[in-house]
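Peer 1: build me a model from this:
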Amino acid sequence: MSAVVIAEEPPRQPAIIRLLELSDVYAASLYPAESNHLVDIATLEKPTVSFFVARRDGEIVGCCALVEAGDRTAEIKRMFVDPEARGLKVGKRLLMAIEAKAERLGLTAIRLETGIYQPEAIGLYKTSGYVERTPFGAYLPDPLSLFMEKPVGQTV
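Peer 2: Numbering: from 1, shown residues only. A predicted model of the protein is given here:
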């Protein structure tokens, strides 16, 4: 089996745009528009965003972003793994890269919002030490959303 390599890269690449479009379609198939909190490519290019790409044999198979909130916390956004690469632990590797970056940045916590109809994502976050919390930032309570957080540097 070939190795998956995780690195920080610019988000504006054709294969990333394709992944984000797949992510948008997937999210739209599960939730109404008002429950989808997706950020666009321009947001992912901001200096307060660290964007990670997973490659297998040079091909992009996953991505995610760490968006700094300005209060020593950050949020995971646009975590998505190509359906063809599922089962290769790409999500776990991306999460580890994000957590390492958060530690290097001196952040105190990583937060996220995910949907209740994504058991694989929820399972990944829970087994990685993320716990449920109340909505944060600009989020409002939503019965279709699950909010989670993990202190930076905490091991499971």
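
Peer 1: helix/strand/coil for the spatially closest residue to residue 36 that is not a sequence neighbour?
Peer 2: By the measure of Cβ to Cβ, 6 or more residues apart in numbering, the closest residue to residue 36 outside its immediate chain neighbours is residue 27, 4.8 Å from it. Where C-beta positions appear, they are placed from N, C-alpha and C, glycine not excepted. Under DSSP: H, G, I helix; E, B strand; the rest coil, residue 27 falls in the helix class.

Peer 1: so residue 27 sits against residue 34, correct?
Peer 2: No: counting by Cβ atoms under 8 Å, residue 27 does not reach residue 34; the two are 11.9 Å apart.

Peer 1: who has more neighbours out of the two?
Peer 2: Legend: neighbour count by other Cβ atoms under 10 Å for residue 27 and residue 34, higher for residue 27 (18 against 9).

Peer 1: and the more buried one, how far from residue 37?
Peer 2: Separation of residue 27 from residue 37 (Cβ to Cβ, to the nearest Å): 9 Å.
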